[in-house]
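[1] model this:
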Amino acid sequence: MYMIKIKQLIKRIIGYFTFYRYNNKSIVILNYHSVHPSHPLSTHPDAFYKQMQYLANNFNIISLSDLPNYMNKIKTSNSKSVIITFDDGYEDNYIYAYPILRKLNIKATIFTLSLDNSLDIWIFDDYGY
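    Residues are numbered from 1 along each chain as shown. Okay, here's the model as predicted:
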């Protein structure tokens, strides 16, 4: 139960920064849950691919782990910035979303809870190219 409360706290902190503004510049944090071709409440992989293509072409995508360093650079940056996160760590994040992220070389963070309720955070920001 303690780890669930920590996860909720982290989500609230991320929610606070969802439209973080500094010096009239913003960093948008997008949160996905599920990317799946047949689940009705999921983002379809084709739609997810189109969304990620749009973001890659129009935004500076940074990982959550880059945020502290990036906040120092935002004063001089002219680009719009976005962070992509996934909540709950569904298997389809790995099966459907990860290959798209990898193909487009997009950084993302996945928040998961393990079976023993410990918190894990996966940050896909180095694909070993």
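
[2] Toward the C-terminus, what is the element adjacent to the helix or strand hosting Tyr98?
    Per DSSP states H and E, Tyr98 falls inside helix 98-103. Next helix or strand after helix 98-103 toward the C-terminus (DSSP H and E): strand 108-113.

[3] Okay, buried residues for that next one please.
    108-113 (16 or more other Cβ atoms under 10 Å). The C-beta positions use only the backbone N, C-alpha and C, and glycine is treated the same way.

[4] can you give me phi and psi for Ala47?
    phi -70, psi -40 (degrees, to the nearest 10).

[5] Next, the distance between the ends of stretch 100-108.
    One end of stretch 100-108 to the other measures 11 Å (Cα to Cα, to the nearest Å).

[6] Residues contacting the helix holding Tyr98, please?
    35, 45, 48-49, 52, 84, 106-108, 124, 127 (Cβ atoms under 8 Å, 6 or more residues apart in numbering).

[7] Could you list the buried residues of that helix?
    98, 100-101.

[8] Closest one of the residues you listed to Leu67?
    Leu101 (17.6 Å; Cβ to Cβ).

[9] Show the pLDDT at the closest one.
    With respect to pLDDT, Leu101 scores 95.

[10] Same check on Ile27?
    78.

[11] begin at 273 from here
    OK, 273 is where the count begins now, so the last one is Ile299.

[12] Where do the helices of this protein begin and end?
    274-288, 317-330, 339-345, 363-364, 370-375 (DSSP state H).
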